[in-house]
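> Predicted model, plus sequence, below.
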Amino acid sequence: MTYTIGRLAEAADVHVETIRYYQRRGLVAEPAKPLGGIRRYDETHARRLRFIKHAQTLGFSLDEVADLLALDDGRRCREAGRLGANKLTVVRERIAQLRRVERALAALVDQCHCNTGRVHCPLIASLEQAV
């Protein structure tokens, strides 16, 4: 099965401009354009686009996606695993940071509920002090 760029975009659930952007970045190959015709994409292109999209949902940047794609020869799983482990470390650090933010905000919000009769809000006061 072959696709026009519009049909490829639909099949991969991305925008046409996204495909063009990925082509400019070297993430997706641009097929040759026949004389007087239109480019035809195949299922390989659709799989590549789905891979990129899924990798991004896991938090990989386009540069990291390019690194993963460069390792896609079936022989460098260890290197790909290292990239995945690095991303996992970053995600875990971010989760820990978000938990700290959650605790701080929860404490400030609780102070707002206990703020009876005061003129100044503890949440706003805390944010002003940080500035």
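Great, that's in hand.
> Got the domain ranges for this protein?
Domains of the chain are assigned by automatic domain parsing as 1-61, 71-131.
> May I see the ones you listed organised as JSON lines, with mean pLDDT and mean neighbour count added?
For every residue, glycine as well, the C-beta is placed using N, CA and C. Output for the domains of the chain, formatted as JSON lines (pLDDT from 0 to 100; neighbours: other CB atoms under 10 Å):
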{"stretch": "domain 1-61", "mean pLDDT": "95", "mean neighbour count": "15"}
{"stretch": "domain 71-131", "mean pLDDT": "85", "mean neighbour count": "11"}
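> Chain neighbours aside, what residue packs nearest to the residue nearest the centre of the chain?
With distances taken as CA atoms, centre = their mean, the chain has Q56 as the residue nearest its mean C-alpha position (3.1 Å). Spatial nearest neighbour of Q56, excluding adjacent residues (CB to CB, 6 or more residues apart in numbering): V65 at 6.9 Å.
> tell me which element that neighbour falls in.
Here V65, judged by DSSP states H and E, is contained in helix 62-70.
> G6 and E17 touch, don't they?
No: the pair G6 / E17 is not scored as a contact, 11.4 Å apart, by CB atoms under 8 Å.
> do you know how far A104 is from A96?
According to CB to CB, to the nearest Å, A104 and A96 sit 13 Å apart.
> one step back: what about the residue nearest to Q56, how many neighbours?
V65 has 21 neighbours, counted by other CB atoms under 10 Å.
> quick one: contacts for it?
Neighbouring residues of V65 by CB atoms under 8 Å, 6 or more residues apart in numbering: 27, 51-52, 55-56.
> For A29, give me the backbone phi and psi.
Dihedral angles of A29 (phi, psi; degrees, to the nearest 10) stand at phi -70, psi 150.
> count of residues packed around the nearest residue to G26 once chain neighbours are set aside?
Residue nearest to G26 in three dimensions, not counting chain neighbours: A66, with 7.0 Å by CB to CB, 6+ apart. A66 is flanked by 15 other residues according to other CB under 10 Å.
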